[in-house]
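Q: Make a model of this:
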Amino acid sequence: MSFPRFTLDDVLYETEEAEPVLAYRPGGYHPLTLGSVVNSNKARYYISQKLGWGGFATVWLVQDLNTHDWFSMRVG
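A: Numbering: from 1, shown residues only. This is a model prediction of the structure:
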């Protein structure tokens, strides 16, 4: 069995709709910037692209700097 291969260009898109800027506050969204690095106990993640947002969190496309694998990261 084979699966189609995707590139980042297949999943990245721009949207004009965005979360309210005032939601970035204590108790609200946590601010991240493209190109920044988030550290966890197990890995370091490079912030590549914002994928979306919802009522309680934003979702980011990140790359593990150790394995170079791609993941989505929910930040609430």
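Q: Show me the shaky parts of this structure.
A: 1-16 (pLDDT under 70).
Q: okay, which residue is most central for this structure?
A: The centroid of the chain falls nearest to residue 60 when counting by Cα atoms, centre = their mean (0.9 Å).
Q: Which element, helix or strand, includes that residue?
A: Per DSSP states H and E, residue 60 falls inside strand 58-64.
Q: elements contacting that strand?
A: Strand 58-64 is packed against strand 44-53, strand 70-75, with contacts defined by 3 or more Cβ pairs under 8 Å, 6 or more residues apart in numbering; DSSP states H and E. C-betas here are computed from N, CA, C, even on glycine.
Q: List the buried residues in the last one.
A: Just to be clear, that refers to strand 70-75. Neighbour-count burial for strand 70-75 flags 73, 75 (criterion: 16 or more other Cβ atoms under 10 Å).
Q: How far away from the center of its chain is that strand?
A: 5 Å (Cα atoms, centre = their mean, to the nearest Å).
Q: what's the neighbour count on residue 61?
A: By other Cβ atoms under 10 Å, 19 other residues sit near residue 61.
Q: The residue nearest to the centre of the chain pairs with what?
A: residue 50, residue 73 (DSSP bridges).
Q: mind listing what's buried in stretch 56-70?
A: So, applying 16+ other Cβ under 10 Å, buried residues of stretch 56-70: 58, 59, 60, 61, 62, 63.
Q: what's the neighbour count on the closest residue to the fourth one other than its chain neighbours?
A: Computed as Cβ to Cβ, 6 or more residues apart in numbering, the closest residue to residue 61 that is not its neighbour in sequence is residue 49, at 4.3 Å. The burial metric for residue 49, expressed as a neighbour count using other Cβ under 10 Å, is 15.
Q: And for residue 35?
A: 8.
Q: can you tell me which residues contact it?
A: 46, 47 (Cβ atoms under 8 Å, 6 or more residues apart in numbering).
Q: 10 Å instead, please
A: 46, 47, 48 (Cβ atoms under 10 Å, 6 or more residues apart in numbering).
Q: Over to residue 71?
A: Going by Cβ under 10 Å, 6+ apart, the list of residues near residue 71 reads 43, 45, 60, 61, 62, 63, 64.
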